[in-house]
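K.L.:
The amino acid sequence is not available; the structure is as follows:
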């Protein structure tokens, strides 16, 4: 048993001698707890809701007021969660456009005959169109709107006019998207991030330590040629990896993206590839810059884990951003993965075109450009 | 005379520490050895010459180009074999060399011919298509050396080319290095710890210590710096103080160094000194265990000049020579 003690002592000593490693063994899981725990299961709040009000009268104003109260939480109570963020939209067509682009999560359509019908004590239908490509948000918004309707009904019933038939028609804008499908785009981005950390970064750090980079520098290769070469190979690997995952998701996980099923849509596929390309280039440039400037390979490896967690959980990949605490939502605004996931969802489940994803592309392109500058500067400053 | 390398007061400081200190050096078309203990500044010097580090002061020309202002030209004209292997072990010998050729922009056809020719030279032609991971240490070294030749460099820098190899592999590598110099007429600049290697391989040598050249010349010239001829290694069963004093005072002894149980004695002429030493020890009550006569080596020169042994990593040697020469100089 003395031998076992010696072996144990050796390992413990080595462990204690590496503070970075020691810390990483509990900081990583702790971050997972904070991020995943905060991200998941929070009530969906401030869900953007387009209101198209064609009818103008006391009942419709009342109804909107009730929704608005729910938004501002004027009534308080257990259901007070600032559920909505109302956006007045002039016509249904514009509202539908906003839904497609992912700007609003649902449309509440108050038809022209709303006031007249209620006044005449006849039935009227309010159509609520839900963006069910975000199943968690849709599941939360539907009942909230219906609750506002109930409040209106009770108001109307107590009014001298008498009872009215207010019917809610919850409408899915798209086919039912399963949670696994909702989660899939984030997984593709995750694959790209893994490649960026391992292929873009770790390999570079190892090459740096082995002197391979210095070996490059004594040949006529220019520094920018080395950067471009490293980035291109990284993009190739990332596209390969996320592409394989895309195929596996379809074949084995039953994901049915609209741009592939039922009829492949070339434009949609090209836009998907462009999204993956921009994301790959941006993330690889980011991790390359970081790897080049890292003082040691260990530090790089250990810090990559939390960076990856932070970006993944605040990207809305696993839960709608509206359900997350404010600080995570603030991080998500600057998180490139947010825009990648958003664009991929639009393309895969809404059959979106270039206009819908233009905003996401603009952010990704800007981010990528910035990271390229950083990566080249990092190489320039010395590797 | 066309100089392969010439430095002009080249200096490199890292903070307060001066690694290379206003060093002037001229290397012709030859095999030139840089000797020195670890931390002497030879690797810093080489890294400046191959344009990886820029000098704090001074400059140098390598293969006719300035290392500061014409670094691109220098890189085109040199080959570098670093101490740590930079081979991609997942790739074959041919792929490794092919990549190198591509870095230098050598046309495909010429590249292929050159690679096949070079692989033959170092006896790796039949293994050209297996991954380098399956190579022995010596084979990897040979491959690295010929890889640096794909671009037909004018000057080839070899940093400790045989460190970590077994004697057989070392001999093979050295043989190929010699052959390459002979057949291609390339200037070789070699740093090494192995003095026998430097002695056999190099036309000229420089001993670097504390960032300056402390001695320079052919191996023979350098050995002459230690005035006198031979070394007698002795081991005593008994060595009384009087015997030691007698040896120190003997006119044929130029210097002595103490070892664990014996003395290393520098003498004018070995053949004459041995019988005299024996009788000197005998008459003073000492008792010899062994006595060996050997020629002066570069290690002795090195020790003489720098005050310490070059083979820092071999503790035996270092311990043996701690203290340096004692006794008067004649």
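P.N.:
Good, I have the coordinates. Just so it is clear, the structure is predicted and the values come from calculations on it, not from any experiment. Residues are numbered from 1 along each chain as shown, chains lettered A, B, ... in the order given.
K.L.:
Tell me the residues of the stretch 101-250 of chain B that contact chain A?
P.N.:
B:103, B:104, B:105, B:151 (CB under 8 Å from any CB of the partner chain). All C-beta atoms are positioned from the backbone trio N, CA, C, and that covers glycine.
K.L.:
So which of these sit within helices?
P.N.:
residue B:103 (DSSP state H).
K.L.:
Is it correct that residue B:149 is in contact with residue B:177?
P.N.:
No - taking CB atoms under 8 Å as the definition, residue B:149 is not a contact partner of residue B:177, at 10.8 Å.
K.L.:
Show me what the helix ranked longest in chain B is packed against.
P.N.:
Secondary structure of chain B per DSSP H: the longest helix is helix B:167-184. Under the contact criterion of 3 or more CB pairs under 8 Å, 6 or more residues apart in numbering or on different chains; DSSP states H and E, the helices and strands touching helix B:167-184 comprise strand B:31-35, helix B:108-121, helix B:137-147, strand B:187-192, helix B:195-201.
K.L.:
Each with direction, which strands does the first one pair with?
P.N.:
When you say that, I think you mean strand B:31-35. strand B:187-192 (parallel), strand B:204-209 (parallel) (DSSP bridges).
K.L.:
Would you mark the buried spots in the last one?
P.N.:
Residues of strand B:204-209 classed as buried: B:204, B:205, B:206, B:207, B:208, B:209 (neighbour count, 16 or more other CB atoms under 10 Å in any protein chain shown).
K.L.:
Would you tell me which one of the residues you listed comes nearest to residue A:267?
P.N.:
Nearest to residue A:267 among the buried residues of strand B:204-209 is residue B:208, at 66.6 Å by CB to CB.
K.L.:
pLDDT value on residue A:157, please?
P.N.:
Residue A:157 carries a pLDDT score of 62 in this model.
K.L.:
err, residue A:161, not the other one
P.N.:
In this model, residue A:161 is scored at 49, pLDDT.
K.L.:
Poorly predicted segments of chain A, please.
P.N.:
Residue ranges of chain A with pLDDT under 70: A:70-82, A:156-164, A:382-383.
K.L.:
Using the record's assignment, carve it into domains.
P.N.:
A:47-172, A:179-381 (automatic domain parsing).
K.L.:
Look at the longest one and report the distance between its end residues.
P.N.:
Put plainly, it is domain A:179-381. 46 Å (CA to CA, to the nearest Å).
K.L.:
quick check, residue A:304 in a helix?
P.N.:
Yes - counting by DSSP: H, G, I helix; E, B strand; the rest coil, residue A:304 is located in a helix.
K.L.:
Please report phi then psi for the closest residue to it other than its chain neighbours.
P.N.:
Ranked by CB to CB, 6 or more residues apart in numbering or on different chains and with sequence neighbours excluded, the top spatial neighbour of residue A:304 is residue A:197, at 4.6 Å. With angles defined as degrees, to the nearest 10, residue A:197 sits at phi -70, psi -50.
K.L.:
thinking again about what came up before, now, the most widely separated pair of the residues of the stretch 101-250 of chain B next to chain A?
P.N.:
That would be B:105 and B:151, which, of these, are the farthest apart (CB to CB) at 9.1 Å.
K.L.:
So for the two, which residue has more residues nearby?
P.N.:
For residue B:105 versus residue B:151, the count of surrounding residues by other CB atoms under 10 Å in any protein chain shown is larger for residue B:151: 22 against 12.
K.L.:
pLDDT score assigned to the nearest residue to the more buried one once chain neighbours are set aside?
P.N.:
In this structure, residue B:151 finds its nearest non-sequential neighbour in residue B:104, 4.1 Å apart by CB to CB, 6+ apart. Per-residue pLDDT puts residue B:104 at 91.
K.L.:
residues near residue B:104, how many?
P.N.:
Counted with other CB under 10 Å, the neighbours of residue B:104 add up to 17.
K.L.:
Reformat the buried residues of strand B:204-209 as JSON lines; add pLDDT and distance to residue A:127.
P.N.:
Shown next, in JSON lines, are these (pLDDT from 0 to 100; distance: CB to CB, whole Å):
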{"residue": "B:204", "pLDDT": "93", "distance to residue A:127": "94"}
{"residue": "B:205", "pLDDT": "90", "distance to residue A:127": "93"}
{"residue": "B:206", "pLDDT": "91", "distance to residue A:127": "90"}
{"residue": "B:207", "pLDDT": "88", "distance to residue A:127": "92"}
{"residue": "B:208", "pLDDT": "88", "distance to residue A:127": "87"}
{"residue": "B:209", "pLDDT": "86", "distance to residue A:127": "89"}
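K.L.:
can you pull the contacts of the residue nearest to residue B:151?
P.N.:
A:219, A:220, B:76, B:150, B:151 (CB atoms under 8 Å, 6 or more residues apart in numbering or on different chains).
K.L.:
what's the spacing between it and residue B:156?
P.N.:
Remark: distance between residue B:104 and residue B:156 (CB to CB, to the nearest Å) = 14 Å.
K.L.:
hang on, the earlier thing: quick one: which of the domains of chain A is nearest residue B:97?
P.N.:
Here domain A:179-381 is closest among the domains of chain A (CB to CB), at 12.9 Å.
K.L.:
For residue B:262, give the beta-bridge partners.
P.N.:
residue B:235.
K.L.:
Tell me if I'm right that it and residue B:237 touch.
P.N.:
No - applying CB under 8 Å as the test, residue B:262 and residue B:237 come out as separate, 10.0 Å apart.
K.L.:
Which of the two has more residues huddled nearby?
P.N.:
A count of neighbours by other CB under 10 Å puts residue B:262 above the other of residue B:262 and residue B:237, at 21 against 11.
K.L.:
Check the spacing between that one and residue A:18 real quick.
P.N.:
From residue B:262 to residue A:18 the distance is 46 Å (CB to CB).
K.L.:
what bridges to residue B:230?
P.N.:
Beta-bridge partners, per DSSP bridges, of residue B:230: residue B:267, residue B:295.
K.L.:
For chain A, see how far away it is.
P.N.:
Computed with CB to the nearest CB, to the nearest Å, the distance linking residue B:230 and chain A is 42 Å.
K.L.:
what's near enough to touch that residue?
P.N.:
So residue B:230 contacts B:266, B:267, B:269, B:270, B:273, B:293, B:294, B:295, B:296 (CB under 8 Å, 6+ apart).
K.L.:
Whichever residue of the stretch 101-250 of chain B sits closest to chain A - nearest residue in space that isn't next to it in sequence?
P.N.:
Chain A sits closest to residue B:103 of the stretch 101-250 of chain B, with a gap of 4.3 Å, by CB to the nearest CB. Once flanking residues are discounted, residue B:103 sits nearest to residue A:219: 4.3 Å by CB to CB, 6+ apart.
K.L.:
Now do the same contact list for that neighbour.
P.N.:
B:75, B:100, B:103, B:104, B:151.
K.L.:
switch the cut-off to 7 Å
P.N.:
The contact partners of residue A:219, by CB atoms under 7 Å, 6 or more residues apart in numbering or on different chains, come to B:75, B:103, B:104.
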